[in-house]
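S.K.: Whatever this is, show me its structure:
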Amino acid sequence: MIIMALDHVRDYFHADAFLYDPTDLSKTTAFLFFTRWITHFCAPVFMFLSGTSAFLVGERKGKKYLSRFLLTRGLWLIFLELTVINFGWFFNIHFTMIDFIVIWALGVSMIALAGLIYLPVPAIVTISMVMVFGHNFLDNVHVAGNGSGAFIWSMLHEPRFFNYGDHIFFVGYPVIPWIGVMALGYCIGTKYTANYDPVKRKRFLVELGAVAIALFAVLRLSNAYGDPNKWSGQASGTFTFLSFLNVSKYPPSFLYLLVTLGPAILFLAFTENTKSWLSRQIKMIGRVPMFYYLVHIYIIHLLALGATYFCGHTWKDMILTDWVSFEPKLQGYGFSLGVVYAIWFSVIVILYFLCRWYDGYKRSHIRQKWWLSYL
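M.R.: Modelled structure (predicted):
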């Protein structure tokens with residue numbers, strides 16, 4: 001979540017964000033590339049650990065409760081994506097652009113998981129692995145036009161823009177692979193039951209993470225399967241390495257998921273018993289993830305409103321009709337990457353104190369106010 005905010009600060013403040021994609025190897029720098037690349041871990045980890053958390057909730061309260069909760073929470077997330085979150089990204093009361101991105105995918109994946117949990121765990125694993133391992137076989141399947149068939153297929157697998165009158169719909173997170181990621185996380189939850197040996201769990205996670213990374217390396221070297229963008233030799237060894245790492249996020253390719261979830265699972269294995277001051281603060285933020293997510297969008301966008309005055313623009317230029325880095329009005333706006341990191345640090349400090357307050361309020365009132373479990 002902390003790393004995620006870096007990517008969104010970069011979107012709203014970095015001058016080069018309005019000129020080219022940070023993973024465009026013909027224009028980027030190594031530092032800018034990794035500023036973007038490190039945030040690739042965010043969405044897969046959100047999805048994966050949401051599934052793990054769901055399993056633990058089901059262990060405590062039963063599958064019937066969990067299924068109902070996943071269904072209602074999923075619908076709530078989709079509603080938030082299309083209303084409160086959408087407004088936060090654009091500050092446009094006309095909602096001229098509607099994005100179906102990470103929170104919508106989380107919501108749909110939860111709704112799917114609400115049904116999948118009634119299957120035996122081996123069946124869930126099989127279905128999930130088919131989605132995650134096999135969805136790139138669908139890369140050459142396309143549905144032309146702006147009709148309902150094309151829109152539904154886009155929601156399932158192919159990111160696309162759709163123009164309907166004065167409104168633009170962007171499907172950025174097709175759900176087939178994401179449902180599989182969340183369901184695999186649910187299955188990993190079986191390793192976190194009270195009677196499961198922690199030593200055995202750590203060994204399993206280390207082996208799983210190492211296998212994922214090794215499989216990524218083998219498949220990526222071969223350029224045979226798993227990502228539509230092939231790597232190639234570049235003018236320097238550094239940029240050849242960047243090409244090797246430059247995997248596709250939209251939709252998340254099999255190799256993208258391997259190279260993000262593999263290290264994340266290793267990190268999970270080696271940090272389970274970490275009890276430092278910093279880890280406690282990070283856990284506190286993690287107890288209020290939706291609050292953090294909603295508030296961070298509005299803080300970043302409000303700061304960007306003020307930042308326009310330092311670049312010869314006005315706050316009205318931050319009332320957006322397109323994604324911020326594609327907004328024609330903002331050509332010439334933006335700051336250096338050093339300023340981006342300073343703003344990111346400031347945003348995290350603000351969010352820390354807001355989350356600390358809300359975490360205390362939520363823990364004190366959760367029994368009296370049921371709706372707090374949805375924020």
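S.K.: Report the buried residues of the helix or strand that contains Ile343.
M.R.: Here Ile343, judged by DSSP states H and E, is contained in helix 337-365. If you call a residue buried by 16 or more other CB atoms under 10 Å, then helix 337-365 has these buried ones: 337, 339-341, 343-344, 347-348, 351-352, 354-355, 358-359, 362. Every residue, glycine included, has its C-beta placed from N, CA and C.
S.K.: Ok, stretch 17-36 next?
M.R.: Ala17, Phe18, Pro22, Thr23, Leu25, Thr28, Leu32, Phe33, Thr35, Arg36.
S.K.: Check stretch 78-98 too.
M.R.: Ile78, Leu80, Glu81, Leu82, Ile85, Asn86, Gly88, Trp89, Phe90, Phe91, Met97, Ile98.
S.K.: Show me which pair in those residues is furthest apart.
M.R.: Using CB to CB, these reach their maximum pairwise distance at Ile78 and Phe91, which is 21.0 Å.
S.K.: quick revisit: which strands and helices lie in contact with the helix holding Ile343?
M.R.: helix 2-13, helix 30-37, helix 277-286, helix 289-307 (3 or more CB pairs under 8 Å, 6 or more residues apart in numbering; DSSP states H and E).
S.K.: Comparing these, which yields the minimum mean pLDDT?
M.R.: Set side by side, these differ in mean pLDDT, and helix 277-286 is lowest with a mean of 92.
S.K.: Which parts of the stretch 51-200 of the chain are helices?
M.R.: Here the stretch 51-200 of the chain has its helices, by DSSP state H, counting those that start in this stretch, at 63-80, 86-90, 102-116, 121-134, 148-156, 175-188, 198-222.
S.K.: what's next to the first one, contact-wise?
M.R.: Contacts of helix 63-80 with the rest of the structure, by CB atoms under 8 Å, 6 or more residues apart in numbering, involve 54, 57-58, 103-104, 106-111, 113-115, 117-118, 290, 294, 374.
S.K.: Please, a PyMOL command that selects the buried ones among those?
M.R.: A single PyMOL command selects the buried members of these (16+ other CB under 10 Å):
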select buried, resi 54+57+58+103+104+106+107+108+109+110+111+113+114+117+290+294
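S.K.: isn't Val121 right next to Gly189, touching?
M.R.: No: look at Val121 against Gly189 with CB atoms under 8 Å: they stay out of range, at 9.4 Å.
S.K.: So which of those two has more stuff around it?
M.R.: Higher neighbour count among Val121 and Gly189: Gly189, with 19 against 14, using other CB atoms under 10 Å.
S.K.: Correct me if wrong: Gly180 contacts Ser128.
M.R.: Yes: Gly180 is in contact with Ser128 according to CB under 8 Å; the separation is 4.3 Å.
S.K.: quick one, which of these two is more surrounded?
M.R.: More crowded of Gly180 and Ser128, by other CB under 10 Å: Gly180, with 27 against 23.
S.K.: Can you read off the pLDDT for that one?
M.R.: At Gly180, pLDDT is 98.
S.K.: now the one 5 residues further on
M.R.: Turning to Gly185, the model gives it a pLDDT of 98.
S.K.: ok, how many other residues are close to it?
M.R.: Using other CB under 10 Å, Gly185 is surrounded by 25 other residues.
S.K.: how far away is it from Leu116?
M.R.: 12 Å (CB to CB, to the nearest Å).
S.K.: Same check on Leu71?
M.R.: For Leu71 relative to Leu116 (CB to CB), the value is 12 Å.
S.K.: more neighbours, the two?
M.R.: Of the pair Leu71 and Leu116, Leu116 is the one with more neighbours under other CB under 10 Å, namely 20 against 17.
S.K.: Give me the residue ranges of the stretch 101-250 of the chain where confidence is low.
M.R.: Across the stretch 101-250 of the chain, nothing is flagged by pLDDT under 70.
S.K.: okay, the buried residues of stretch 17-36 in CSV with distance to Ala5 next?
M.R.: Formatted as CSV, those follow (distance: CB to CB, whole Å):
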residue, distance to Ala5
Ala17, 15
Phe18, 19
Pro22, 16
Thr23, 19
Leu25, 25
Thr28, 21
Leu32, 17
Phe33, 19
Thr35, 12
Arg36, 13
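S.K.: Check those residues and tell me the two furthest apart.
M.R.: Going by CB to CB, the pair spanning the buried residues of stretch 17-36 furthest: Phe18 and Leu25, at 18.6 Å.
S.K.: Count the residues that sit near the closest residue to Leu208 other than its chain neighbours.
M.R.: Leaving aside its sequence neighbours, Leu208 sits nearest to Ile265 (CB to CB, 6 or more residues apart in numbering; 5.5 Å). Neighbourhood size, Ile265 [other CB under 10 Å]: 23.
S.K.: any idea how far Ile265 is from Ala30?
M.R.: Counting by CB to CB, the gap from Ile265 to Ala30 is 26 Å.
S.K.: next one: Arg280
M.R.: 34 Å.
S.K.: so where does the most centrally placed residue in the chain fall, helix or strand?
M.R.: Centroid-nearest residue in the chain: Ala43, 2.2 Å away (criterion: CA atoms, centre = their mean). Using DSSP H and E, Ala43 sits within helix 42-61.
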